[in-house]
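A.B. asks: got a predicted model here, sequence first, then my questions.
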There are 2 protein chains.
Amino acid sequence: MIHPVILCGGSGTRLWPTSRKAYPKQFAKLLSDESLYQTTLRRLSGPMFSRPIVMTNELFRFLASQQAGQIGLTDARVVVEPILRDTGPAILAAAMIVAQDEGKDALMLVAPSDHVISDIPSFLASVEAGVKVAETGALVTFGIVPTRPETGYGYLELSAQPNGSGEAISLTSFREKPDAATAAEFLEAGNYLWNGGIFLFRAGDVIASFEANAPQLIAPVRAALDQGEDDLSLFRLGIEGFGAAESISFDYAVMEKADKVAAVPLTCPWSDLGSWDALWAEEQPDAEGVATRGQATAVDCSDSYLRSDDDNIHVVGLGLNDTVVVAMRDAVLVADKDRAQDVKALVNTLREVEAPQADDYPRFHRPWGWYETLCIDSRFQVKRIMVHPGGILSLQSHHHRSEHWIVVSGTAEVTVGEEVKLVTENQSVYIPVGAVHRMANPGKLPMYLIEVQTGSYLGEDDIVRYEDAYGRG
Amino acid sequence: MIHPVILCGGSGTRLWPTSRKAYPKQFAKLLSDESLYQTTLRRLSGPMFSRPIVMTNELFRFLASQQAGQIGLTDARVVVEPILRDTGPAILAAAMIVAQDEGKDALMLVAPSDHVISDIPSFLASVEAGVKVAETGALVTFGIVPTRPETGYGYLELSAQPNGSGEAISLTSFREKPDAATAAEFLEAGNYLWNGGIFLFRAGDVIASFEANAPQLIAPVRAALDQGEDDLSLFRLGIEGFGAAESISFDYAVMEKADKVAAVPLTCPWSDLGSWDALWAEEQPDAEGVATRGQATAVDCSDSYLRSDDDNIHVVGLGLNDTVVVAMRDAVLVADKDRAQDVKALVNTLREVEAPQADDYPRFHRPWGWYETLCIDSRFQVKRIMVHPGGILSLQSHHHRSEHWIVVSGTAEVTVGEEVKLVTENQSVYIPVGAVHRMANPGKLPMYLIEVQTGSYLGEDDIVRYEDAYGRG
């Protein structure tokens, strides 16, 4: 049995506006009705695998467990990193957990949550090839056989060219992102792989390698585990210990220095969906190079990607070349496809002009579900609210607004003052200014509710919380 | 006193998505908080002018009177053409109305509702120059001094080059839209003007010219006037008569054949805003050729127009050249600016794929105000509704849906069954399935209301109307 460890704390902005700080790409439905994170979980389930460990951070802890639950993986173990410390400390913490629970010989497969790997049998065959060497004590890194002289990835230099058998090959060196000429040489030479950030080893072996090559991490991460607390279905690492750990990548801390390292070439189709041009390529463009997703119409376009992430928006392109268009309800990106790598810098520009769209997502995800603003004016706001089965909002009151709630699907349990009642589809409730109130979903189906707020001040900060099931202040 | 006649029945789609069949460009807020129609009305008010006559059609009759009222022109006379018959019959009908009410010597200035003319004093000086010749019995057409070899307009050939005095010059011929070489010759020659579709004459003179040159129109248009009916503040031409009139442009019917025709050169800045590239030019692009309107950010763009027609949408352009982006809540256009003329054909393509965005506008304008859908799902819909002061919706019921109404601004008079009551801000009303109901705004300010519908069928056609103040079935 292999213990999957899924790294799920990234907040990539290169796929803005679909991927944002508040709702990054691993959770977005980029290529199907499942998120990349969900597809990753599915890929690493099945007979070869044990229950997954998901390493994530404060912001995404509820998303990570909810999305796992949505695909039936209710036993995923979500570990919360209380502060950003790169992949080194995260993988060490995961290894210590696996070693403690399953023993030092337990195998663990570490994988990012936001890659596309479409040929599962081929991928699993590579994992099996990795198992053979990992069981000899090697740290295995999976590399992707290059298909172009890519300058955006690091490379693994092998001692020999892969012979197509898929067997592990010993590693000569790790190479930084090359310039174009060097990348072309690598491709020509044939004994280089893209560094995919996927690893396989026994928990004891990698801990030993941390002890040998990055001993400064051991004590802080051990302390973080000792200080750790179970919080609902999550395990939260202690901030004192974890905060004291050096922020360092796993490659720098361990892989580049370890003695016994092997690479397994992945021959399956792979993409890290690192930017919009990569996503365009995954969408299988037509003969003119045009790909669309959602409601979109292309007229006389070529080598372009037209994407609508809102059911109500029709995107229309006319005479476009090498252009990416992504439309959402609050933001539209139109970019030269050759500038796709610069979207990250663009998001910084939006932060400078204080556009909330830079980081916020139009649908705000909360432990109990989500809400989105349908309409806002100076004196009123209309929200659509979804509460998960079992979800419960905080007991609260507002100084400046009253609220009308209309349940449009499912059943709500509503508290207003001393009264608690069930409110079903097509019923409404009025919450006067100052009244202590709460809503919850006692049912088995999601509950949808329309909230109409009126008042002189409608900010999210006009909230007095008396009690919260999720430990929020 | 000059009687302005404003032609307001067009439904241009070259500025889609901002301009659509249901809400065409003359009514849209393209360049300011006023529509082009309102700016046109303002330009033709003041001491030289009498109350305006607005020629429009069924679809726009309420918009035309409401937008006139919004800028204080409550005396505008809106004449409804019951069927499309081009400008010939419309101008003849207007001339007959002016002659009947004000006498045959009354001057009338005919102007499109969707042109931009920014230097009003210069324009009025040209009108005064026109008056001098019109009072000698000439039909005056105003032409624009060309600034480029434009192939998109017809031309007026003059007997002499304009000498800068702004005086009228006799006309040699009307020229169709030229090819590029001919347009260049016209520009070089200097005695050609763009045909702007703006006319000045005495009502009796133009009627006499119709009698001489297009006598077939006289009887049908006279019949349409005789059959005409006052309908609220509107005058509706009779469909039997108007329908029998030939559909023909005023230039073809009269101007190209008339004996005594003069042209007055307009030297003021002018644009017909015929396509997005024309709008871009009017927006005064910066040194890189970039113009923005609404929430928009351009990074490394040139010669491009980024426009957001929704307060909640931020449009972002990265590395764009010669590109037009227009974002609305239900549609986004991204076009090569050099293809701006092809937007009209594009709208036909959208009609073929039955995209409602081709013709519908996200805000549906009605005699009593407007509504827009904020959110729609299979079993519920949320609408925002605005009712003008004095506006009254039809008395109606629904078979398949119940409605919650929450007033968020102003006061509503609500009828449910036998009961009539006032509902003010922050109050709500429930309308059960089958209940006969109506809302009206008895106040002096616009009334805004959120409607939450729930039911198994939410189509606009689930409506039984018992009574309607605007004569709708």
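C.D. replies: Nice, I can see it.
A.B. asks: elements contacting the one helix or strand residue A:109 maps to?
C.D. replies: Assigned by DSSP states H and E, residue A:109 belongs to strand A:107-112. For strand A:107-112, the helices and strands in contact under the criterion 3 or more Cβ pairs under 8 Å, 6 or more residues apart in numbering or on different chains; DSSP states H and E are strand A:2-7, helix A:87-102, helix A:120-134, strand A:192-202, helix A:203-213. All C-beta atoms are positioned from the backbone trio N, CA, C, and that covers glycine.
A.B. asks: contact partners of the second one?
C.D. replies: By Cβ atoms under 8 Å, 6 or more residues apart in numbering or on different chains, the list of residues contacting helix A:87-102 from outside reads A:3, A:5, A:7, A:9, A:50, A:53, A:55, A:77, A:79, A:81, A:106, A:108, A:110, A:197, A:199, A:203-204, A:206-207, A:210, A:214, A:217-218, A:220-222, A:224-225, A:237, A:242, A:245-254.
A.B. asks: at 7 Å what do you get?
C.D. replies: Here helix A:87-102 makes contact (Cβ atoms under 7 Å, 6 or more residues apart in numbering or on different chains) with A:3, A:5, A:7, A:53, A:55, A:79, A:81, A:106, A:108, A:110, A:203-204, A:206-207, A:210, A:214, A:217, A:221-222, A:224-225, A:237, A:242, A:245, A:248-250, A:253.
A.B. asks: and the angle from that helix to helix A:203-213?
C.D. replies: Between helix A:87-102 and helix A:203-213, the angle comes out at 140 degrees (axes from the mean of the first three to the mean of the last three Cα atoms, to 10 degrees).
A.B. asks: what average pLDDT does helix A:87-102 get?
C.D. replies: Taken as a whole, helix A:87-102 has an average pLDDT of 97.
A.B. asks: swap in the third one?
C.D. replies: The pLDDT scores in helix A:120-134 average 95.
A.B. asks: around chain B, pick out the residues from the stretch 351-473 of chain A.
C.D. replies: For the stretch 351-473 of chain A, the residues found near chain B under the criterion Cβ under 7 Å from any Cβ of the partner chain are A:353, A:355, A:357, A:374-375, A:379-380, A:382, A:384, A:402, A:404, A:406, A:408-409, A:425-426, A:428, A:430, A:450, A:452, A:454.
A.B. asks: just the buried ones out of these, please.
C.D. replies: A:355, A:357, A:374-375, A:379-380, A:382, A:384, A:402, A:404, A:406, A:408-409, A:425-426, A:428, A:450, A:452, A:454 (16 or more other Cβ atoms under 10 Å in any protein chain shown).
A.B. asks: in the helix or strand harbouring residue A:37, what counts as buried?
C.D. replies: Applying DSSP H and E as the criterion places residue A:37 in helix A:36-43. Within helix A:36-43, the residues scored as buried using 16+ other Cβ under 10 Å are A:36-41, A:43.
A.B. asks: also stretch A:433-450?
C.D. replies: When burial is assessed from 16+ other Cβ under 10 Å, stretch A:433-450 yields the following buried residues: A:435-441, A:443, A:447-450.
A.B. asks: now render these as CSV, adding secondary structure and pLDDT.
C.D. replies: As requested, those are exported to CSV (DSSP: H, G, I helix; E, B strand; the rest coil; pLDDT from 0 to 100):
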residue, secondary structure, pLDDT
A:435, coil, 96
A:436, coil, 96
A:437, strand, 96
A:438, strand, 96
A:439, strand, 96
A:440, strand, 97
A:441, coil, 97
A:443, coil, 94
A:447, strand, 97
A:448, strand, 97
A:449, strand, 97
A:450, strand, 97
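A.B. asks: and those residues as TSV, adding distance to residue B:337?
C.D. replies: Converted to TSV, the buried residues of stretch A:433-450 look like this (distance: Cβ to Cβ, whole Å):
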residue	distance to residue B:337
A:435	55
A:436	57
A:437	53
A:438	54
A:439	50
A:440	53
A:441	50
A:443	53
A:447	48
A:448	42
A:449	45
A:450	41
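A.B. asks: can you classify the residue in the stretch 51-200 of chain A that chain B sits nearest to as helix, strand or coil?
C.D. replies: Proximity to chain B, evaluated over the stretch 51-200 of chain A using Cβ to the nearest Cβ, is greatest for residue A:152 at 17.6 Å. Counting by DSSP: H, G, I helix; E, B strand; the rest coil, the backbone at residue A:152 sits in coil.
A.B. asks: pretty sure residue A:430 is in a strand, no?
C.D. replies: Yes - when three-state DSSP is applied, residue A:430 is found to be in a strand.
A.B. asks: and it, what are its bridge partners?
C.D. replies: Taking DSSP bridges as the rule, residue A:430 bridges to residue A:404.
A.B. asks: and the one 10 residues further on, by the same measure?
C.D. replies: Here residue A:440 sits in beta bridges with residue A:392, residue A:413, as judged by DSSP bridges.
A.B. asks: equivalent analysis for residue A:298, please.
C.D. replies: residue A:317.
A.B. asks: list the buried ones in stretch A:212-224?
C.D. replies: Of the residues in stretch A:212-224, those scored as buried under the neighbour-count criterion (16+ other Cβ under 10 Å) are A:213-214, A:217, A:220-221, A:223-224.
A.B. asks: what about it, average pLDDT?
C.D. replies: The predicted model gives stretch A:212-224 an average pLDDT of 98.
A.B. asks: ok, residues contacting it?
C.D. replies: Counting by Cβ under 7 Å, 6+ apart, A:88-89, A:92-93, A:96, A:210-211, A:237-238, A:240-242, A:244-246, A:248, A:253-254, A:257-258 sit against stretch A:212-224.
A.B. asks: could you export the helix holding residue A:37 as CSV, CA atoms only?
C.D. replies: Once side chains and other backbone atoms are set aside, the C-alpha atoms of helix A:36-43 remain, and they are given as CSV (Å, rounded to 0.1, in the frame of the first residue of the first chain):
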residue,chain,number,x,y,z
LEU,A,36,-7.6,19.2,-10.6
TYR,A,37,-7.4,18.4,-6.9
GLN,A,38,-10.3,16.0,-7.1
THR,A,39,-8.8,14.4,-10.3
THR,A,40,-5.5,14.0,-8.4
LEU,A,41,-7.2,12.4,-5.5
ARG,A,42,-9.0,10.0,-7.8
ARG,A,43,-5.8,9.1,-9.6
